[in-house]
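S.K.: Here is my input, please return the structure:
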Amino acid sequence: MNGCKGMHLWLLVVLLCVSLHAAAQEILGDQNSETVDAVAADKVDAASPEIPRVFTFVRLDAPVIDGDLSDGFWFNLHEIPIEYEVFPVRLRDAGVPTRVRIALTETHLYAAFDAPDPDISNLRSAVRERDGLKEDDYVSLVLDPAGQGLRKYEFRVNPHGSQSDVLQDTISDRYLYDWDAEWEAAAQIDETGFRVEMAIPRSELGILPGDQAQQLELLVMLKRHYPRQVERTLASAVQLVLTEEPPKPSEAKDSGRRLTITPHYVFDRDEDRDIGGRFEQVEEQPRHAAGAYLNYRLSADRSFLMTVKPNYAEVESDIARDSINNPFDPYEPEKREMFVDTREYFRTLNEVVYTRNIVQPDVGLAHLWRSPTATSGLLAAFDQQTQLYMPDNLGSDVVTLVDNSQSAAFNYERQSDKRSLGVLTTLRTADDYHNAVLSLNGTGNLGVDDKVRGQFMVSDTRYPQRFAEDLCDTTGCTEQDPDAECELGDCDITPYVRRADYDDRLRGYNLQLRYNHDGPDSLYWARYYDVSPDFRADLGFLRRVDYRAINLAYGRKWYFQAKADDESQSRIRAYLVGGHMRSHSDNQPLETTVGIWGEFRGSYQTIARLGWQHRKRAVNRLDQSDLSAGDNAPRFDEHYWQWFFQTAPYVPWTLHLDGRWGAMADPDNLVLGHMREIKPKLHYTTGPLDLMADLTLRHFDTDGDRLYKEQFFSLTALYHTPSGLTHRLLWLNDLTERDIDRWRGDELARETSRTLEYTQIFSPHPAWQLMWGLRLVKDYESDINQKDLTAREIYFKVQREFTLLD
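M.R.: Okay, here's the model as predicted:
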């Protein structure tokens, strides 16, 4: 390889910058502790260094992926240094050497990282589960096949060889950690540092081998995450120019085809009961189940996927438990292989395709195609159940019926000149039911720090009466007089029953526009939402309709040397956030929010974010049968402090402490009270052992007395043996107490639930996976003053991947 000069390095900043404000819990609501922080610091100008162009050709050999860089494959390759810090300070000297070599074959992109360390005892790394490297030392390769800065693929490896792959999707404004590619990596550690080898199939990147229509140029970003006194990200970029050698006449051209079939069998003795009753198998969970996943790569850019009776077969007990104070249903991650593989093809600003709504499919099918500048996906599923989110402007509920349904989605998206334009459509049908959505979405990069995004959708929906009946608090609420008053706490009808209007055909629209600036010294954004009352996206995760809202923010950033021995600068950031929301149908105010936030990020890997929120907010309706706002949905004057804190002063330990404190409204009782919430979390990791303790304490008082208390505790232990066996132990202890003398409606005064789950996962060979375990749940209910075992489960899963064509 030879090096020469090319593009300015400011492109590196464009391709590594991410949005400050990731999808928040609510449109105008609380800040999210998982908010992604933007790359920040010194300004980049026209005098920035240039990205070198590196010429290479297709290699005919391949290295052994074992973390040993003495393999002859790596000799005589151009050595690329990682020269710059890009976070917290832009384009200052990296200060620690990292050297990278890259090579291409007909089938793979190979990379070798040599990462010396002046003090190996400060290395932060352990054996991790997939995508669990965010706080570790790691090296990574970021590729943007289209060169548009809109969709980047990042491949991370820590010093223990654990992998993470991330789709940086500017179009949907998200970092997608649930995107998984098939690639190989290995690492080795010694007293001087660590080394990593990667082998990434070109098919995973959409880099089509053998296409000689034009010279292939690939922008590659090389990163090293270096968490010490201050968390730092180091990076460089190269423009990889591939001069393909013509194949010899006698050589057969690789068709790119590959066929794998992965059958599975699951035994799941999953039984539950009411306290004092008899154990019976959970109706929706068969004791014996078998299925398969077929992945047929028709060519390097096109795949056909099929799944038959997929099974979650993953531990799900530790999905976040949500507060009774939150009227919106929580998000649940997808774990089934085919749906994980397809989701990147259907991402837009709104999550219009949320495959967890496909609950128990007999068959799922997908056809996927992509090139460097375009993608398309077609998805279909035939489900034994019908599940969807019924939205309101003050909350959401879930319809779940044992009712055969069909779901389909199609998306096409094209990128050009750092812009994208896409069209997406979805369709769901069942007996006497349909929901169809058509969406247009676009994205534009206005510069290094400025992006605009927009999406417009229309829908057509028809609901049957059984959907509304499923949302009733008691059977038969749809037969009640629709004009009769129905007071909160003494009403079988809910607003969600009214939203499932089965007398009329529902047609509506959804418009969302976003502008975001996140520069070295300032940040600001503007967002506009307009969603009509009758818009529905039943295949998606959209929990709010019937509102118009605007959200604005402005902030500044400052940098300084907090401690003399810090490797880089610390940052202070302060910003003001404001917004207003009104109901679409009657133009009544729902919420006005003002928030002031300050953040310190620096020494001891500390992130401390403190904010004061003032919200004048409607949280529920007095008359549950009336969808109007105004006097029917009184607004409460909330004002409270909120904070997020994280620090890691010692290598194996990380401490988190989040919380809220102040006046907040309770939607179940329509009262303003005093909220005290703290959420400490302690994480210890070393070598093969990973321990995490997580506690949530939440007290809500009114008139000087406690209205309710919530206490959630979880303890998770992971141990990875050298033989490939993973032990996972989970203990949950949940407590909810209510003052039922002051509580609207019928609820229990005290509920407790304790869960113990133990799982072993073993892969004796890369093609095999076995999992077995048990789960026990003990509950207490105060109305009968009894505690007993209410659920017990023993499960076993085996799957084997067969490659029939390669």
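S.K.: give me the number of residues near the closest residue to Thr716 other than its chain neighbours?
M.R.: Counting by C-beta to C-beta, 6 or more residues apart in numbering, Met692 is the residue found nearest to Thr716 once chain neighbours are left out, at 4.8 Å. For the C-beta atoms, the positions are set from N, CA and C on the backbone; glycine is no exception. The number of residues packed near Met692 is 17, by other C-beta atoms under 10 Å.
S.K.: residue contacts, Met692?
M.R.: Taking C-beta atoms under 8 Å, 6 or more residues apart in numbering as the criterion, Met692 is in contact with 681-684, 714-716.
S.K.: Against Ser585, how distant is it?
M.R.: 45 Å (C-beta to C-beta, to the nearest Å).
S.K.: likewise Tyr331?
M.R.: Applying C-beta to C-beta to Tyr331 and Ser585 gives a distance of 26 Å.
S.K.: likewise Leu672?
M.R.: Where Ser585 is concerned, Leu672 sits at a distance of 26 Å (C-beta to C-beta).
S.K.: next one: Leu695
M.R.: 41 Å.
S.K.: And for Thr593?
M.R.: 21 Å.
S.K.: which residues touch Leu104?
M.R.: Counted by C-beta under 8 Å, 6+ apart, Leu104 has contacts 56-59, 110, 202, 240, 242.
S.K.: Between which two of the residues you listed is the distance greatest?
M.R.: Phe57 and Arg202 (14.5 Å; C-beta to C-beta).
S.K.: So between those two, which is more surrounded?
M.R.: Arg202 (19 against 13).
S.K.: Is it correct that the more buried one is in contact with His108?
M.R.: Yes - the pair Arg202 and His108 qualifies as a contact (C-beta atoms under 8 Å) at a distance of 6.3 Å.
S.K.: Pop the domain breakdown of the chain in here.
M.R.: If you go by automatic domain parsing, the domain ranges for the chain are 2-242, 297-545, 652-806.
S.K.: Ok, which of these comes nearest Gln561?
M.R.: Of the domains of the chain, nearest to Gln561 by C-beta to C-beta is domain 2-242, at 9.8 Å.
S.K.: all helices of this protein, in order?
M.R.: Taking DSSP state H as the criterion, the chain contains helices spanning 10-16, 202-205, 337-342, 465-471, 495-499.
S.K.: I'd like to know the beta-bridge partner residues of Ala186.
M.R.: With DSSP bridges as the criterion, Ala186 is bridged to Glu197.
S.K.: I'd like the distance from it to Val196, if you could.
M.R.: 7 Å.
S.K.: what touches both of those two?
M.R.: Residues touching both Ala186 and Val196 (C-beta under 8 Å, 6+ apart): 67, 161.
S.K.: one step back: out of the contacts of Met692, which is most surrounded?
M.R.: Ser714 (20 neighbours).
S.K.: about what we covered before: let me have the domains of the chain in CSV, extended by distance to Val282 and mean pLDDT.
M.R.: Listed next are the domains of the chain as CSV, based on distance: least, C-beta to C-beta, whole Å; pLDDT from 0 to 100:
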stretch, distance to Val282, mean pLDDT
domain 2-242, 26, 77
domain 297-545, 12, 90
domain 652-806, 8, 93
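S.K.: So which of these is nearest Ser570?
M.R.: That would be domain 2-242 among the domains of the chain, by C-beta to C-beta, at 6.6 Å.
S.K.: Centre of the chain to that closest one, how far?
M.R.: 20 Å (C-alpha atoms, centre = their mean, to the nearest Å).
S.K.: for stretch 495-503, same thing?
M.R.: The answer for stretch 495-503 is 30 Å, by C-alpha atoms, centre = their mean.
S.K.: Please enumerate residues in contact with that stretch?
M.R.: 390-392, 394-397, 399, 463-465, 467-468, 471-472, 477-478, 534, 545, 621, 624-625, 627.
S.K.: buried ones in that stretch?
M.R.: By 16 or more other C-beta atoms under 10 Å, the buried positions in stretch 495-503 come out as 495-502.
S.K.: and which of these is nearest Pro688?
M.R.: Distances from Pro688 to these, taken by C-beta to C-beta, are shortest for Tyr496, at 46.9 Å.
S.K.: Buried residues, stretch 449-465. List them.
M.R.: Result for stretch 449-465 [16+ other C-beta under 10 Å]: buried residues 449, 451, 453-455, 457-461, 463.
S.K.: out of those, which are inside strands?
M.R.: Among those, the ones falling in strands (DSSP state E) are 451, 453-455, 457-461.
S.K.: can you list the residues you listed in JSON lines and add distance to Tyr354?
M.R.: Conversion of these to JSON lines gives the following (distance: C-beta to C-beta, whole Å):
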{"residue": "Lys451", "distance to Tyr354": "24"}
{"residue": "Arg453", "distance to Tyr354": "19"}
{"residue": "Gly454", "distance to Tyr354": "20"}
{"residue": "Gln455", "distance to Tyr354": "15"}
{"residue": "Met457", "distance to Tyr354": "14"}
{"residue": "Val458", "distance to Tyr354": "19"}
{"residue": "Ser459", "distance to Tyr354": "15"}
{"residue": "Asp460", "distance to Tyr354": "19"}
{"residue": "Thr461", "distance to Tyr354": "16"}
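S.K.: what's the closest of these to Thr736?
M.R.: Thr461 (35.1 Å).
S.K.: can you pull up the bridge partners for the closest one?
M.R.: Going by DSSP bridges, Thr461 forms beta bridges with Asn435, Leu506.
S.K.: Now Arg90. Its backbone dihedrals?
M.R.: Main-chain dihedrals, Arg90, degrees, to the nearest 10: phi -80, psi 130.
S.K.: Was I right to think it contacts Pro520?
M.R.: Yes - using C-beta under 8 Å, Arg90 makes contact with Pro520 at a distance of 6.2 Å.
S.K.: From Gly673, how far out is Val619?
M.R.: The gap separating Val619 from Gly673 is 12 Å, by C-beta to C-beta.
S.K.: What of Ser405?
M.R.: In terms of C-beta to C-beta, Ser405 sits 41 Å off from Gly673.
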